[in-house]
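With the sequence up front, the predicted model follows.
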Amino acid sequence: QKEVEQDPGPLSVPEGAIVSLNCTYSNSAFQYFMWYRQYSRKGPELLMYTYSSGNKEDGRFTAQVDKSSKYISLFIRDSQPSDSATYLCAMRRNSGNTPLVFGKGTRLSVIA
Amino acid sequence: ETGVTQSPTHLIKTRGQQVTLRCSSQSGHNTVSWYQQALGQGPQFIFQYYREEENGRGNFPPRFSGLQFPNYSSELNVNALELDDSALYLCASSFAGEEKLFFGSGTQLSVL
């Protein structure tokens, strides 16, 4: 079993839809959770960062972490064609010195 | 504030050759990590450097090696290239102890 599981999609939605992306993980030691957006052949761009369980909102983006279920989600409201990208979840055990463990990424297309 | 920059952007090598990839970290960041991202996969941790010393390594063979310089820039060297080394190589920088990583745009390496 991989440490981090993420459905690769592809996921196609109409413009304006609410998008739900999620990851599950097996290592209960993970404490820091991130979502990255990656455009084709570019480096990942940090979107959201959450420590431990809870919700965090930033504009149209909401990140949720449920450590009891080992499940994290990213919601995108009022999706736009410019949101079309691959979304990667990532997590790490401790601050700083431990590597990020990534999911495979979910490819999202928002159709105008 | 400058971001993470990597060079070259693209590189084509043949099996058995050696390659050096370069990274300049974001201003103020003293920790550099390297990740390998195969097509359709999430990034995989190669190693991390702090204060010019390797302080973490993923499941990669010794022919993957690196350096960090006093100005915090870094190199990734790969010897005896194999076809499976074809991937996007990502450099990420951070400030020691901080959880967030900031990635460069990557070097696309093709091994023929």
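Structure received. Numbering: from 1, shown residues only, chains lettered A, B, ... in the order given.

and residue 100, how many residues sit next to it?
All of this is about chain A. By the measure other CB atoms under 10 Å in any protein chain shown, the count of residues near A:L100 is 25. Backbone N, C-alpha and C define where each C-beta goes, glycine included.

To clarify, I was referring to chain B.
So B:K100, with other CB under 10 Å, has 13 neighbours.

looking at it, it is touching B:S94, isn't it?
Yes - in terms of CB atoms under 8 Å, B:K100 counts as a neighbour of B:S94; the distance is 6.4 Å.

CA atoms only: put stretch B:4-12 into CSV for me.
What follows is stretch B:4-12, C-alpha atoms only, in CSV (Å, rounded to 0.1, in the frame of the first residue of the first chain):
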residue,chain,number,x,y,z
VAL,B,4,13.7,29.1,-7.2
THR,B,5,15.5,28.9,-10.5
GLN,B,6,16.8,25.8,-12.3
SER,B,7,19.0,25.2,-15.3
PRO,B,8,18.9,23.9,-17.9
THR,B,9,15.1,23.6,-18.6
HIS,B,10,15.6,20.7,-21.0
LEU,B,11,18.3,18.2,-21.5
ILE,B,12,18.8,15.1,-23.7
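
Give me the buried stretch members for that stretch, please.
Judged by neighbour count using 16 or more other CB atoms under 10 Å in any protein chain shown, the buried positions of stretch B:4-12 are B:V4, B:Q6.

Also stretch A:93-110?
A:96, A:98-108, A:110.

cool, stretch B:55-64 as well?
For stretch B:55-64, by 16+ other CB under 10 Å, it's B:G56, B:G58, B:F60, B:F64.

Surely A:M91 and A:A29 touch.
No - contact criterion CB under 8 Å: A:M91 and A:A29 do not qualify, at 9.6 Å.

Those two: who's more crowded?
Neighbour tally, A:M91 and A:A29, criterion other CB under 10 Å: the higher count belongs to A:M91, 24 against 10.

Could you pull out the strands in the chain for me?
Looking at chain A here, since you left the chain open. Under the criterion DSSP state E, chain A contains strands at A:4-6, A:11-14, A:19-25, A:32-38, A:45-51, A:54-58, A:61-66, A:71-76, A:85-92, A:101-102, A:106-111.

you looked at the wrong chain, it should be chain B
Under DSSP E, chain B gives strands at B:5-7, B:10-13, B:19-24, B:31-37, B:44-50, B:53-57, B:64-68, B:74-78, B:87-94, B:102-103, B:107-111.

For chain A, what's its nearest residue on chain B.
B:G42 (3.2 Å; CB to the nearest CB).

Measure how buried that residue is and give me the count.
24.

pLDDT at it, what is it?
The model reports B:G42 with a pLDDT of 95.

Nearest residue to residue 49 in space, please, no chain neighbours.
All of this is about chain A. A:M34 (5.1 Å; CB to CB, 6 or more residues apart in numbering or on different chains).

my bad, the chain I had in mind was chain B
Per CB to CB, 6+ apart, closest to B:Y49 is B:Q68, 3.7 Å.
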